[in-house]
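In: Let's see this in three dimensions:
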Amino acid sequence: MADDDISIRTSGLNHWFGTGEARKQALFDIGLRIARGSFIVMVGPSGSGKTTLLTLLGCLREVQEGSVVLLGQELRHATTAQSVRLRRRLGFIFQAHNLHESLTARQNVMMGLQVKGRLNRETADEAAAHVLSILGLSDRLDYLPANLSGGQNQRVAIGRALVGNPDVVLADEPTAALDWETAAKVVDLLKQLGQARGTTTVMVTHDNRILDRADRILTLQDGRLVADDSRRV
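Out: Predicted coordinates for the structure are as follows:
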């Protein structure tokens, strides 16, 4: 793959938690090349380093050793301003939806545009309503999180991540609270974004239902990349 076709590249990536005698290595020599527009799934047992790797790719942790190049920018020793600019090009979906309890579904999704510095009230309102409609929530636009189910709140969080048309989506267990029909719809939407505009998705999951939809499956164990099924790429 040419560099222009790569969204994420890592080499020699190591990471530790703690200090002194309590210092423990969490990732070991992770090397990856992730193609633009691909739908990548990361699997492995709890504690294998999946979420740690995801947060490093998303500029949410400092790169300690090795290299992470995200959308052409080296993250090791990146300035705060560089990291902020990159995060504005990303969409994050976490298992805990982290919605603002005082804001409606529509307003929570609009926040996804505000943090990217793209808030024209009218167009943001339309964009939020559109993405929530795609996710099956057109009749819940003005509901507060307390009046939505767990699965509906997760869909709002997914809409918040996608509304700004991110270049890369980083998702940690996004389908855990969803029924299969809704989970399949979310995965298909992410794949459509990859095909239509080159959005790259990296998803951590224990949800075996979606593995056959992945372009590539990465398996982590004890902080090491032990398998890379790239047959579909």
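
In: Against which helices or strands is the one helix or strand Thr52 maps to packed?
Out: Here Thr52 is covered by helix 50-57, with elements defined by DSSP states H and E. Secondary-structure packing of helix 50-57 (3 or more C-beta pairs under 8 Å, 6 or more residues apart in numbering; DSSP states H and E): strand 6-17, strand 24-35, strand 39-43, strand 65-70, strand 168-172, strand 200-204. C-beta here means a position set from N, CA and C on the backbone, and glycine is covered the same way.

In: Are there helices or strands packed against the last one, and which ones?
Out: What that stands for is strand 200-204. strand 6-17, strand 24-35, strand 39-43, helix 50-57, strand 168-172, helix 180-197.

In: Show the average pLDDT along the next helix or strand after that strand.
Out: Toward the C-terminus, strand 200-204 is succeeded by strand 216-221 as the next helix or strand (DSSP H and E). Confidence for strand 216-221, expressed as mean pLDDT, is 97.

In: who's in contact with strand 216-221?
Out: By C-beta atoms under 8 Å, 6 or more residues apart in numbering, the surrounding residues in contact with strand 216-221 are 32, 34, 38-45, 48-50, 53, 211, 225-230, 232-233.

In: cutoff 7 Å now
Out: Here strand 216-221 makes contact (C-beta atoms under 7 Å, 6 or more residues apart in numbering) with 38, 40-45, 48-50, 211, 225-230, 232-233.

In: Who is Ala171 paired with across the strands?
Out: Here Ala171 sits in beta bridges with Ile93, Met203, as judged by DSSP bridges.

In: For it, give me its contacts.
Out: Ile93, Thr201, Met203, Val204.

In: so how far is stretch 108-117 from its chain's centroid?
Out: 16 Å (C-alpha atoms, centre = their mean, to the nearest Å).

In: could you check the distance from the spatially most central residue of the chain over to Ala26?
Out: For the chain, Leu170 is the residue whose C-alpha lies nearest the centre (C-alpha atoms, centre = their mean; 1.2 Å). Distance, Leu170 to Ala26, by C-beta to C-beta, to the nearest Å: 17 Å.

In: now swap in Thr200 and tell me
Out: In terms of C-beta to C-beta, Thr200 sits 23 Å off from Ala26.

In: Look at the two and report which has more neighbours.
Out: Remark: of Thr200 and Ala26, Thr200 carries more neighbours, 26 against 19, as counted by other C-beta atoms under 10 Å.

In: I figured the more buried one hits Val168, correct?
Out: Yes. Between Thr200 and Val168 a contact is recorded at 4.8 Å, counting by C-beta atoms under 7 Å.

In: between these two, what contacts are shared?
Out: Contacts common to Thr200 and Val168, judged by C-beta under 7 Å, 6+ apart, are Ser7.

In: Do I have it right that Ser83 meets Cys59?
Out: Yes. Counting by C-beta under 7 Å, Cys59 is a contact partner of Ser83 at 4.4 Å.
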